[in-house]
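Student: predicted model and sequence below, questions to follow.
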Amino acid sequence: MRQRLRVAAYAVCVRDGRILLARSPGPDGTPEWVLPGGGMEHGEDPYDTVRREVTEETGYRIEVTGLLGVDSSRRVFPGGRPPRRTDHHGLRVIYEGEVVGGELRYEVGGSTDFAAWQDLDAVSGLTRVRLVDVALRLWRERPPHGRLEELPRKG
């Protein structure tokens, strides 16, 4: 079985009761809301990753105002061609950020196609990835160790 580690950094940016989210095509093509952020490049610090990714996906420049925590997720995916299963481990560093410049725009030719401020109260009704819920819990609860008790998985 192939093993894959992906390290990424994401930002929770909340302003006036709204959270900044990006939209990405889901695995089945259905759009889903995600946190702005993404994978680290080799040699890149996660602090720099989150700032770069937020700008790429939303047009905004952010100041990182805190480290909320780390989420670790491990899943086994069935193989493709040649048939080969993958043991995927995602390590996601989640920061709090404040918009300090730039203008809202959409990413062109990237992993997302739209960015918007969403009401915090409406997030539960959005089609979203699990990481949005994890990050909001970290933002609300601010556990001193930066880790949540396991959230139930969908399906």
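Tutor: Looks like it arrived, so ask away.
Student: Pro144: neighbour count?
Tutor: Using other C-beta atoms under 10 Å, Pro144 has 7 other residues around it. (C-beta placed from N, C-alpha, C; glycine too.)
Student: wait, Arg75
Tutor: Count around Arg75 with other C-beta under 10 Å applied: 10.
Student: what residues are up against the residue positioned nearest the centre of the chain?
Tutor: Nearest to the mean C-alpha position of the chain, counting by C-alpha atoms, centre = their mean, stands Leu35 at 3.7 Å. If a contact means C-beta atoms under 8 Å, 6 or more residues apart in numbering, then Leu35 has Tyr10, Ala11, Val12, Leu21, Ala22, Ile94, Val129, Leu131, Val132, Ala135 as its contacts.
Student: for the last one, what are phi and psi?
Tutor: What that stands for is Ala135. Reported as degrees, to the nearest 10, the phi and psi values for Ala135 are phi -60, psi -40.
Student: report the separation between Trp139 and Leu35.
Tutor: In this structure, Trp139 and Leu35 are separated by 10 Å, where distance is defined by C-beta to C-beta, to the nearest Å.
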